[in-house]
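Student: I'd like to go over a predicted model; first the sequence, then the structure.
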Amino acid sequence: MNDFVNKFYKNTKTKRKYCRFKRAGISYVDYKNPEFLKKFVNEYGKVLPRRITGNSLKFQRKVGRAIKIARHLALMPYVSDTHENEPS
Amino acid sequence: MQRQYETIFILSPTLSKGEQGQMIEKVLSLLKEKKASIVAQEDWGLKKLAYPIQKKDTGVYHLIRFLAAPNILADLNIFYRRNSSFIRFNTVLMDKHAIAYHSRKKKEEKETSTSSTHEKPLVKSTEP
């Protein structure tokens, strides 16, 4: 019976998430380049949670702060509607 | 005790080239007056804004990195707020990571620019 059940749980092992900053050795999140910060924002312009980005707490805060400054400086939108990003 | 700051501001696009230069000069003179030393400047020029500010869709970005005593910030903010042609401004204290990042970036730019100048003289010598 056990083998029968194990068959179903074989490929559901979650992939180990890693913090890209620790791995790449980046230590400063620059608020001036929005292309990089767009990776941490969903298509509505909202900041993605840590469980999805996989960031460590220290860098998730740095990213959050950088995104808020970028929004203030109109480098990034506060709210972006989805059909604006789709290629027309 | 001098600390490194990075100020960036957006000028309204309605200003002419001359007026924009004057505004930037005013900020620089204010900084020099308060005995600040300018480390670097970046002029991004006219850029599209992510959302309209004061009914304007574009703005002229300018960035200045400088070393100064902390009491300069109050005067800088008053200056920005009093002048209507600055539609958005922001001053940030640079921590050690930020300083290291920007000095490394400046070195890289210097290397790429010096390496490109070597090719130019070769072209001159081939002319008869």
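Tutor: Nice, I can see it. Numbers count the residues shown, from 1 in each chain, chains lettered A, B, ... in the order given.
Student: all contacts plus neighbour counts: C-alpha atoms, from now on.
Tutor: Will do.
Student: model confidence for residue A:11, exactly?
Tutor: Looking at residue A:11, its pLDDT is 65.
Student: ramachandran angles for the closest residue to residue A:17 other than its chain neighbours?
Tutor: Counting by CA to CA, 6 or more residues apart in numbering or on different chains, residue A:17 lies nearest to residue A:54, which is 5.4 Å off, once chain neighbours are set aside. Main-chain torsions, residue A:54, degrees, to the nearest 10: phi 80, psi 10.
Student: now for residue A:54: which residues touch it?
Tutor: The contact partners of residue A:54, taken as CA atoms under 8 Å, 6 or more residues apart in numbering or on different chains, are A:17-20.
Student: again, only using 7 Å
Tutor: A:17-19 (CA atoms under 7 Å, 6 or more residues apart in numbering or on different chains).
Student: name the surrounding residues that touch stretch A:59-67.
Tutor: For stretch A:59-67, contacts defined as CA under 7 Å, 6+ apart pick out A:29-31, A:37, A:50.
Student: change it to 6 Å
Tutor: residue A:31 (CA atoms under 6 Å, 6 or more residues apart in numbering or on different chains).
Student: just stretch B:21-32 next, same as before
Tutor: Counting by CA under 6 Å, 6+ apart, no residue outside stretch B:21-32 touches it.
Student: what residues does chain A put near chain B?
Tutor: By CA under 6 Å from any CA of the partner chain, the residues of chain A that approach chain B are A:28, A:74-77.
Student: a markdown table please, covering these and showing neighbour count and pLDDT.
Tutor: Listed next are the residues of chain A next to chain B as a markdown table, based on neighbours: other CA atoms under 10 Å in any protein chain shown; pLDDT from 0 to 100:
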| residue | neighbour count | pLDDT |
| --- | --- | --- |
| A:28 | 19 | 88 |
| A:74 | 23 | 93 |
| A:75 | 21 | 93 |
| A:76 | 25 | 93 |
| A:77 | 21 | 92 |
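Student: now, which of those residues lie within strands?
Tutor: Among those, no residue falls in strands (DSSP state E).
Student: list the ones among those that fall in helices.
Tutor: Among those, no residue falls in helices (DSSP state H).
Student: in TSV, list these along with distance to residue B:37.
Tutor: Shown next, in TSV, are the residues of chain A next to chain B (distance: CA to CA, whole Å):
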residue	distance to residue B:37
A:28	23
A:74	28
A:75	27
A:76	30
A:77	33
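Student: so which of those comes closest to residue B:77?
Tutor: Closest approach to residue B:77 among those (CA to CA): residue A:74, at 18.7 Å.
Student: quick one: that closest one and residue B:48 touch, right?
Tutor: No: if you go by CA atoms under 6 Å, residue A:74 and residue B:48 don't touch, sitting 8.7 Å apart.
Student: picking that back up, write the PyMOL selection for whichever of the contacts of residue A:54 are buried.
Tutor: A single PyMOL command selects the buried members of the contacts of residue A:54 (16 or more other CA atoms under 10 Å in any protein chain shown):
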select buried, chain A and resi 19
